[in-house]
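Chemist: Quick one, what's the 3D model for this:
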Amino acid sequence: MFETMRGMLIPAGQRLLPLIFALIAAAPMAARADDGMVDVRTLPRLEGAIEEAARTESYRLNYTVPTVVPITTAATRKLLAANGWQEYVHPSSQSSRPTSFKKGRHGLYVSFTQAPGRPDQSVVHYTADRLYAVVPFPEDATDIVYDTRRPYLNCITAATIEASAEFYRRGLLEAGWSALSLADIAARWPNAKPDEAIANGARAYYSRDVRDGGPKQQPIVLDLQRRGDGKTGVEIRIAAFAQPSSLDVARDAIGLPMPDTTSGLGSTGSSDSVRRRVSGNVAAGLPVVLGFFRRELAARSWQEEANGAVITDRDVTLNFSSADQTAQLTLAHKYDLTFVNLVTQVKEAALAARARAKKEAGDKFLGDALATAQQLMVADEARRIAQAASLSDAPLRARADATKPVPVPDGAENVKFDGADGKLEFSSTSSVAALAAFYRGSLKSQGWQEQPSVINRPNMVVMRFSRAGKALSFTAMQMGPKVNVSVDGSGLVMAAAKPDTAAGQAPSASATRVAAGDLEAEADSELPVPKQRTMRMMGTGKVPGSDAPFRRDLDASVPADLGAVLAFYRSELGKRGWKEAVDGAVIKPDQVKLAFASSDGPAVLKLGRSKGETSINLVQRYPAVAAKANVIPKPGQARLVFGNMGGSEVSLSINKQTIRIAAGAGGPQSPERPMLDLPAGKYPYSVKVAGHPAKSDTIEVAADDAWGVMIAPSGEVLSLQIY
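Modeler: Residues are numbered from 1 along each chain as shown. Reported below is the predicted structural model:
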């Protein structure tokens, strides 16, 4: 008994099972066979070749030879040609030295590189290439141009028209193509107008059904034409009646139309660039491509200009204009492709308008920012004056305490003393003036001599003292309804001393150290900070009326080892896609400084040790926003942006320059403001305001920073970093 399967007679019953096993056993060998891909391991190699052992694939092979690349390239071409491989270029290729080869149904790509560390050696790379549109090459073919997918072929042979026609008839039939008669064409393409006649040559049509998974094959036309040198020119291309008669928009790139049916189009610039370009090639006839760009540019309000227009059968040059731009379109037809080059340029008048708009936007931005700063300063000054009224100016007496090298006044709160590091801190409800008078009097009686200081204001005073080679530095600053006092210097250092806390107070949160693995990120924080922090201050610079920041900074303190905090930030910033920079990195047991790059802008992380905790300073900048405000300094310098809150002109002298700042400069009614770029460094300056004594101070700036310098009507200066 027999059963039929796909036209084969299969024995039924007990004989069927052994045959099935035999077919299964043979299946892997059949699966491994791929007639469309050459096994590169069988290809010839140059003498002295050393194969890369790590690569054993049948489709890829690398080997090294003891000759330089130019010699290796020439020798490999000669070797492959002797083995029957024919070299060709792609229709869109601009290279005069192709490295693509064909032999029968197989394709091969060959490239050459210098051997690593050996300029006297080179590496040959063989890569198999699948040919989806196989057409035969004459054995003596020269100047071969070939596309493996459409297909397209252009070459020259010494054979006659008749011999070439017979060669291609047999070769195309063997490759799976079928002859296509005029009657067949009329039946399948009713609107086609094929022509079998060609001057000094012959023409024939062919079609092919694709069933190997490759691209769909359109019908082709074979043209054979006798050349003036007695040779025959060969061209195989997609038949005209099968090519697109119109093109649709595939997408808009940089604000310009891109057609479908493209072999390769690319663009440079962006939609708002001064100069934009679309270039490449389209697999369509020149009239079709020209019609596409005329239609789509007109739809985008471009006007075609008659001036400079050139239109021929194979080349086109057209000029276009819009309200603010000009454009030039050039088309060139070569082989079966139309090469496209479309370039647009913003007009000079439009460029000037853009520059004015950018400057006006920047002036408004900075004017609003400085106005906001002025309002904050005025509000802060009013708040400080109100709070200062509650502070006591009564003379102070020293509390009974012999454990510290300097006296501590009565009423001192939250006293912290570290004799090992020479530091003393406390707060008080007495005024800055009362505290300054207390220490000046008490230290003078102990033989300390005060050194001059330029900071002596109602809300802040800095005093320096010296005695017998030792020094003390006092800073008293009003912070809300209290004054914070900090003292440090060698005059406070006590051997075998240990930090203490205020009498009767519990240890601070920092006394309990957080383990390295316990740090967790605080939720909803713009910049990452551990939940276990004992202090956090977040600052953000924004465009008034907008949520777009131009600088964001975080200061915090965490009772954890520096290494644990560093690991926390590397992990958290990495999760946000920030990339750590290697150059300039500082990593020490008590200090870290790392730079990061993010999609929004650069950032710097600084870690240090203070009072048994790890201090954190993380700053991120947003250059795109800052550039609109014109606050970014010249590379390597710092920028000072001046504002005058008073009603009269102010003169400020710095770095041997005198800058006159008009009344109200930098405010909403006067957006123009003086700016000054300086090298990084520390600069003393003085301010003169009519009717007030001159004020002097110093400002320290770093490269690529920007500072706003606001001058109050009294001549007081508030400097704040704005970028």
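Chemist: For stretch 352-363, buried residues please.
Modeler: Across stretch 352-363, burial judged by 16 or more other CB atoms under 10 Å covers 362-363. From N, CA and C alone the C-beta is placed, and that goes for glycine too.
Chemist: List the contacts of whichever strand or helix holds Leu173.
Modeler: Assigned by DSSP states H and E, Leu173 falls within helix 161-174. Helix 161-174 has contacts (CB atoms under 8 Å, 6 or more residues apart in numbering) with 135-136, 138, 157, 159, 179, 201-202, 204, 206, 222, 224-226, 232, 234, 236.
Chemist: Name the residues linked to the residue lying closest to Ala309 once chain neighbours are set aside by a beta bridge.
Modeler: Of all residues not flanking Ala309 in the chain, Leu318 sits nearest, at 5.4 Å (CB to CB, 6 or more residues apart in numbering). Beta-bridge pairing of Leu318 under DSSP bridges involves Leu329.
Chemist: mean confidence for the helix or strand where Ala309 lies?
Modeler: Ala309 belongs to strand 303-311 when assigned by DSSP H and E. Per-residue pLDDT values across strand 303-311 average out to 91.
Chemist: my read: Glu580 touches Val592, true?
Modeler: No: applying CB atoms under 8 Å as the test, Glu580 and Val592 come out as separate, 11.4 Å apart.
Chemist: okay, these two: which has more neighbours?
Modeler: Using other CB atoms under 10 Å as the criterion, Glu580 and Val592 rank with Val592 on top: 20 against 14.
Chemist: so that one sits in a strand?
Modeler: Yes: counting by DSSP: H, G, I helix; E, B strand; the rest coil, Val592 is located in a strand.
Chemist: hey, what's it bridged with?
Modeler: Judged by DSSP bridges, the bridge partners of Val592 are Ile587, Leu607.
Chemist: In three-state terms, label the closest residue to Thr56 other than its chain neighbours for me.
Modeler: Nearest residue to Thr56 in three dimensions, chain neighbours excluded: Arg41, at 7.8 Å (CB to CB, 6+ apart). Recorded secondary structure, Arg41: helix (three-state DSSP).
Chemist: Was I right to think Arg41 contacts Asn62?
Modeler: No: if you go by CB under 8 Å, Arg41 and Asn62 don't touch, sitting 11.6 Å apart.
Chemist: rewinding a little: where's the residue nearest to Ala309 relative to Leu265, distance?
Modeler: 18 Å (CB to CB, to the nearest Å).
Chemist: same deal with Leu46?
Modeler: 39 Å.
Chemist: likewise Val461?
Modeler: Using CB to CB, which is the criterion applied here, Val461 is 70 Å from Leu265.
Chemist: What of Thr534?
Modeler: Thr534 is 59 Å from Leu265, by CB to CB.
Chemist: before we move on, what about Ser178?
Modeler: Here the criterion is CB to CB. By it, Ser178 lies 33 Å from Leu265.
Chemist: before we move on, what about Val408?
Modeler: Going from Val408 to Leu265 by CB to CB gives 79 Å.
Chemist: what does Met477 give?
Modeler: Met477 is 65 Å from Leu265, by CB to CB.
Chemist: now do Ile238
Modeler: From Ile238 over to Leu265 the distance is 19 Å, taken as CB to CB.
Chemist: How about Ser490?
Modeler: As judged by CB to CB, Ser490 and Leu265 stand 73 Å apart.
Chemist: Show me what the mean pLDDT comes to for the lengthiest helix in the chain.
Modeler: With secondary structure taken from DSSP state H, the chain has its longest helix at helix 348-388. Mean pLDDT, helix 348-388: 75.
Chemist: For the next helix or strand after it, buried residues please.
Modeler: For helix 348-388, the following helix or strand on the C-terminal side (DSSP H and E) is strand 413-418. Neighbour-count burial for strand 413-418, with 16+ other CB under 10 Å as criterion, is recorded at 415-418.
Chemist: Can I get the residues you listed in TSV including distance to Leu562 and pLDDT?
Modeler: What follows is the buried residues of strand 413-418, written out as TSV (distance: CB to CB, whole Å; pLDDT from 0 to 100):
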residue	distance to Leu562	pLDDT
Val415	27	92
Lys416	21	91
Phe417	24	90
Asp418	19	87
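Chemist: Tell me the one among the residues you listed nearest to Val565.
Modeler: Minimum distance to Val565 across those is 21.4 Å, recorded for Asp418 (CB to CB).
Chemist: before we move on, the earlier item: tell me which of Ser178 and Leu265 has more neighbours.
Modeler: Leu265 (16 against 13).
Chemist: Which strands or helices does the lengthiest strand in the chain pack on?
Modeler: Scanning the chain for the longest strand, with DSSP state E as the assignment, gives strand 118-130. On a contact count with 3 or more CB pairs under 8 Å, 6 or more residues apart in numbering; DSSP states H and E, strand 118-130 meets strand 60-65, helix 69-82, strand 106-115.
Chemist: List the contacts of the last one.
Modeler: Put plainly, it is strand 106-115. Residues from elsewhere that reach strand 106-115 (CB under 8 Å, 6+ apart): 36-38, 40, 43, 64, 68-69, 72-73, 76, 80, 85, 99-102, 121-131, 148.
Chemist: hang on, isn't Asn154 packed against Val234?
Modeler: Yes: counting by CB under 8 Å, Asn154 does reach Val234; the two are 6.9 Å apart.
Chemist: where does this structure dip in pLDDT?
Modeler: 1-34, 94-98, 210-215, 261-264, 402, 495-517, 541-548, 666-672 (pLDDT under 70).
Chemist: can you map out the helices along it?
Modeler: Counting by DSSP H, the helices of the chain are 16-32, 69-82, 161-174, 182-188, 286-299, 348-388, 432-445, 562-575, 623-628.
Chemist: contacts for the fifth one?
Modeler: Pointing back at helix 286-299 there. Contacts for helix 286-299 (CB under 8 Å, 6+ apart): 243-247, 249, 257, 259, 282, 304, 311, 313-314, 316, 318, 320, 327, 329, 331, 333, 338, 340, 342.
Chemist: go on, stretch 715-723?
Modeler: When contacts are defined by CB under 8 Å, 6+ apart, stretch 715-723 is touched by residues 369, 373, 377, 457, 541, 550-551, 621, 626, 631-632, 639, 641, 650, 685, 687-689, 692-695, 697, 699, 705-712.
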